[in-house]
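1. The following block contains a protein sequence and its predicted model.
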Amino acid sequence: MTCYLLPIENPEARYTLHVLRFNPETDEKPYWRSYQVPFVSTMTVIEALEYLWDQGEYIAFRTNCREFTCGSCAMLINGKPQLACDTILQDDMRLEPLSRYGVLRDLVVDTEAIKKKLKDVKYWPVSANREKNFTVPPQVIDAYGQIYSRCIECACCLEACPASFNEASRFDGPMYALLLARAANHPLDAMNRIQQASERGIWACVSCFECADVCPLDLSPAKEVAKFRRKAITQSLKRPFTFRKDKRYE
Amino acid sequence: MNEAPQYPKRPGVINRFFRRTLWGEKMNLGAYMWGLQRVTGLILLVYLLLHLYILSSIFGGARTFDQTVAAVDHPLIKLLELGLLGTVVFHALNGLRLILMTLFVELDQKILAYGLGCATLIFVVVSIPFVW
Amino acid sequence: MTLQVDQVYTTDVLVVGGGAAASMAAISATNEGADVLVLDKGQLGKSGCSPNAHGGMALYPKHENDSWKIHFEDTLMSGGFLNNQQVVRVLCQKGFRFVSLLEQFGSLFDRDADGTYSVRQFGGHRYKRSVFSGDETGHEMMNGLRREIARLGVKTRDEVMVLRLLTTDGEICGALALDIAKGAFIEVRAKAVVLATADGSGIWPAAAERQRGDGYCMALEAGAELADMEFIQYHPTHAWWPYGVRGSVSESFRAEGGYLLNSEGERFMLHYDPEQKELATRDKVSVCIYREILAGRGARHGGIYASVTHLPPDHIEKRLRVIFRKYMSYGFDIRKQPIEIRPRPHYLCGGVVANDRAETRVPGLYAAGAVTAGVHGANRLGSNALVDILVFGDIAGRNAAHRAGNVDHKRMNAKTQVEKEIKRVADLVAKSAIEPVWTPILRRRHFEMMDRYVGVLRTDEGLRHMLAEIERTQKEDLPNLSIRDKSRRYNFELRDALEMQLRLMVEEMSTRAAVTRTESRGSHFRDDYPKRDDRQWLKNIVFFKKDDQLVCECRAVEMSVMDISELPAYAALDSPWH
């Protein structure tokens, strides 16, 4: 475990960590369990969980990169959706699985719904002729570098969004809006993403900017929603009454 | 692919928000604004019904209407009216703020939110002599 | 735990792995018309090391003097001429196509004002030729590949750990896997298998320690050969302090002009390598840093300082955005302060022997990506790995699909193999040893010992000590290895214990190869034999299984494209510590 790289033998403090545990085979209901974890400065939650693994407490959680590029360790930390590898350990922290998805065990949730939805929204560049040459304006490169490439699809924003309760909500959720914006900005994309975004419920967004608040990479999906809305408004102002009938989409 | 989870269904937004605030995690200003917008909307709805009810006494004749109006002529009601004014202004300005934020993406929502709070307060204070 | 096969899949091509090589192989095989199943130990696109590859892809010869030949020479010089030259030639010639392919899939890479790709130079390359996207190239690459996988509707199964490849009469006929999510066994019948798992650097205390070398063991059991297992590349700049920061500080850090400083504030690389300075190859920089630390000129917490404070702040924010953010979230501003780094294990250059058609010795088994040997020789050049996985992922997928089109499903005659493997898992679950050995404790001891004895500086004594320890563990500890958690779903303890059994095999091969090689070359540095010995050691050390016994064999390198005498620069290349 990478936890071994820390000078964990001489900790600065001992913290308590509360974890909501649940094993579908043996437990009827989830229950809270508290653990004592040593703390060395700048130690993160994931390292605390790994330390517990080393002690034989195999709490199930997903982890891979530990440097916020894979987005698999999203969980509710003190009720706020955060990446465990991005959150520095504090005393009396409460860890729960994401509440939007079904829990498979302890902190592992069933994210198959995300995959299915990503397929539904066609988040790849949709184009009839993909082999054609294209030029990319520098502002698109910048937008990719600053925003779109950085989204790691960790589902933190989906968890925080008050307008999107679950995968069946009218509004897909902030993450999907951002990925649609990414696709819309791709030079090969020929799909009418504004129409698609409208149908995907961006008008239900309440502009609370919770998604921007919880995003571990400081992106702002709400801004992407606002951009989509603005584009939709200007488009329908330019061509009133034709917006709905636009069949270029698809 | 995975079997249906056997986990008890866990509640949605309100519990999520409530729990977080309970455990000392602050939320974004926009989330509170959103909550206030909902609450003020509900208050306005209740007021509207009340208003219609009071107005409907006009069908009982001029006397009944006068009586009803006299019944609600009370300092407490005046205070409530001030509150109502604040609610209306807040609700309207917040709606305006959302539209502005959609049209001008780069606007800072915090400044707008605090600005509209101040505007509501000023409006209410200024209108005190008119209500009384 | 149910002790039979719960689910049987039948498919043309089975892809084992979940990174870029696996995705590329799956895409290519699907495009060739084959029916593909991808089994991934983590979540596809989120597991493995591809998403957190920072650097770049060395495939765009932008400079007018640059050509595939020069890239080829660079790779060979860095790899100590142990590379499989046919494979390297394919890598250098075919790489270029893949940038535009990835952009069709949905990625976008950084461009200059004139519309051509931006390039940066990595250690050991003579020209700037690495295409990148900030310092999250791997993530952007996976973004594209993941979209294409979704678009093609490739069948994927997440969180399935392949335990063993099944063979009939020496040919691949499928695989047996354990579904971690459910705790059930899956049997896959396949005409061809593409092995695209990670390398085995996770048996050292590496940054991304999900790379436990499962692929090596699978291939070895199936009858393939492994080579170059002694070459564990240490990444010179690995985050060391603040402790919470994880992962390697990408080579882009040096490529963009970062300095390495010792405690006296001196750019020590100027003494060791005045020509390439900080941009020397990784093996060299690692040894230099270790030398500095051992000489007592290390930084406060035991690392060495790395600094970009002399670069313009906006340049740092744009080009090194991941590192910048990573440190910023621990309250550390790399624009103003130097960071502390230290070499850590990064990449095991060796692996499954595969030719330029990605075929291994076993018919039907293809290998691509980090699991293969031959491309990188004794030391990997920065940003060659991302090209490797794309090029050979593609080739492996194509060839596997062709094979699948030409042969029929073998009659599955691997019952004993399946039973043996299921028994191994069942024994582990059911075991109640009197003096149980727990995986984390054993693993931690082996981490420390591998780092110390089979690390940057190796000695005969230390390596033999390690061999004895491995033997002891196999005899005494492994029979008592137990798990406490007996449940089926997401039993990570079981997964770790299964990996523990495999990793000893990889450790043994690495250590034995390191003992055998009595010279210093590339990332293999022997303190007692500090000289390169071209007369005796232009050889690959190859492992394979014969009658269930591990056989070690030295095999001379084929100079099929370029002889060592054709590159006088290499002979003159004298390491600073000699």
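-> Sure thing, it's come through. Numbers count the residues shown, from 1 in each chain, chains lettered A, B, ... in the order given.
2. Give me the neighbour count for the residue in chain A that chain C sits nearest to.
-> Chain C sits closest to A:T42 of chain A, with a gap of 3.1 Å, by CB to the nearest CB. C-beta here means a position set from N, CA and C on the backbone, and glycine is covered the same way. Applying other CB atoms under 10 Å in any protein chain shown, we find 18 residues neighbouring A:T42.
3. Could you find the closest non-adjacent residue to it?
-> Once flanking residues are discounted, A:T42 sits nearest to C:G244: 3.1 Å by CB to CB, 6 or more residues apart in numbering or on different chains.
4. Show me which residues of the stretch 401-550 of chain C sit near chain A.
-> Contact residues (CB under 8 Å from any CB of the partner chain) of the stretch 401-550 of chain C with chain A: C:438, C:440-441, C:443-444, C:447-448, C:484-485, C:487-493, C:496.
5. quick check, the longest helix along chain A touching chain B?
-> Ranked by residue count and defined by DSSP state H, the top helix of chain A is helix A:221-238. Yes: contact of helix A:221-238 with chain B (CB under 8 Å from any CB) involves A:222-223, A:226-227, A:229-230, A:233.
6. which sections of the stretch 251-400 of chain C are below the confidence cut-off?
-> Of all residues in the stretch 251-400 of chain C, none has pLDDT under 70.
7. which secondary structure element contains the residue positioned nearest the centre of chain B?
-> In chain B, the residue lying closest to the centroid (CA atoms, centre = their mean) is B:T40, at 1.4 Å. Element membership for B:T40, per DSSP states H and E: helix B:29-56.
8. what residues go with each domain of the chain?
-> This is for chain A. Listed domain ranges for chain A are A:2-109, A:112-238 (source: automatic domain parsing).
9. You answered for a different chain; I wanted chain C.
-> C:8-231+C:347-406, C:234-345, C:415-533.
10. Now the longest helix of chain A - C-alpha only, CSV.
-> Presented in CSV, the C-alpha positions along helix A:221-238 are these (Å, rounded to 0.1, in the frame of the first residue of the first chain):
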residue,chain,number,x,y,z
PRO,A,221,-20.8,22.4,-15.1
ALA,A,222,-23.5,25.0,-14.3
LYS,A,223,-21.7,27.5,-16.5
GLU,A,224,-21.8,25.0,-19.3
VAL,A,225,-25.5,24.7,-18.8
ALA,A,226,-25.9,28.4,-18.8
LYS,A,227,-23.9,28.6,-22.1
PHE,A,228,-26.2,26.0,-23.6
ARG,A,229,-29.2,28.0,-22.5
ARG,A,230,-27.9,31.2,-23.9
LYS,A,231,-27.1,29.5,-27.2
ALA,A,232,-30.6,28.0,-27.3
ILE,A,233,-32.2,31.4,-26.6
THR,A,234,-30.2,33.3,-29.2
GLN,A,235,-30.8,30.5,-31.7
SER,A,236,-34.6,30.6,-31.2
LEU,A,237,-34.6,34.4,-31.3
LYS,A,238,-32.8,34.3,-34.6
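11. how about the residues of chain A that lie near chain B?
-> So chain A meets chain B at A:22, A:24, A:29-30, A:78-80, A:94, A:99, A:102-104, A:110, A:112, A:159, A:162, A:165-166, A:206-210, A:212-213, A:222-223, A:226-227, A:229-230, A:233 (CB under 8 Å from any CB).
12. Let's see that with 6 Å instead.
-> A:24, A:78-80, A:99, A:102-104, A:110, A:112, A:162, A:165, A:206-210, A:213, A:223, A:226-227, A:229-230 (CB under 6 Å from any CB of the partner chain).
13. so what's the residue of chain A closest to chain C up against?
-> Residues counted as contacts of A:T42 (CB atoms under 6 Å, 6 or more residues apart in numbering or on different chains) are C:242-244, C:330.
14. How far off centre is stretch B:89-106?
-> Centroid separation between stretch B:89-106 and its chain, computed with CA atoms, centre = their mean, to the nearest Å, is 15 Å.
15. how many neighbours does the closest residue to chain A within the stretch 101-250 of chain C have?
-> Across the stretch 101-250 of chain C, the shortest distance to chain A (CB to the nearest CB) belongs to C:G244, at 3.1 Å. C:G244 is flanked by 23 other residues according to other CB under 10 Å.
16. how about it, secondary structure?
-> Secondary structure of C:G244, reduced to three states by DSSP: H, G, I helix; E, B strand; the rest coil: coil.
17. Which pLDDT value goes with it?
-> If you check C:G244, the pLDDT there is 74.
18. ok, it touching C:G331?
-> No: taking contacts as CB atoms under 6 Å, C:G244 lies outside contact range of C:G331: 10.1 Å.
19. that older thread, could you identify which of the domains of chain C is most buried?
-> Counting by mean count of other CB atoms under 10 Å in any protein chain shown, domain C:8-231+C:347-406 has the highest mean neighbour count of the domains of chain C, with a mean of 24.
20. okay, how far is it across it, tip to tip?
-> One end of domain C:8-231+C:347-406 sits 22 Å from the other (CA to CA, to the nearest Å).
21. Next: stretch C:142-161.
-> End-to-end for stretch C:142-161, by CA to CA: 21 Å.
22. So for that stretch, mean pLDDT?
-> Stretch C:142-161 comes out with an average pLDDT of 94.
23. Which residue lies closest in space to the residue sitting nearest the centre point of chain A, excluding its sequence neighbours?
-> Taking CA atoms, centre = their mean, the centroid of chain A lies closest to A:A155, which sits 2.4 Å from it. Leaving aside its sequence neighbours, A:A155 sits nearest to A:A74 (CB to CB, 6+ apart; 5.5 Å).
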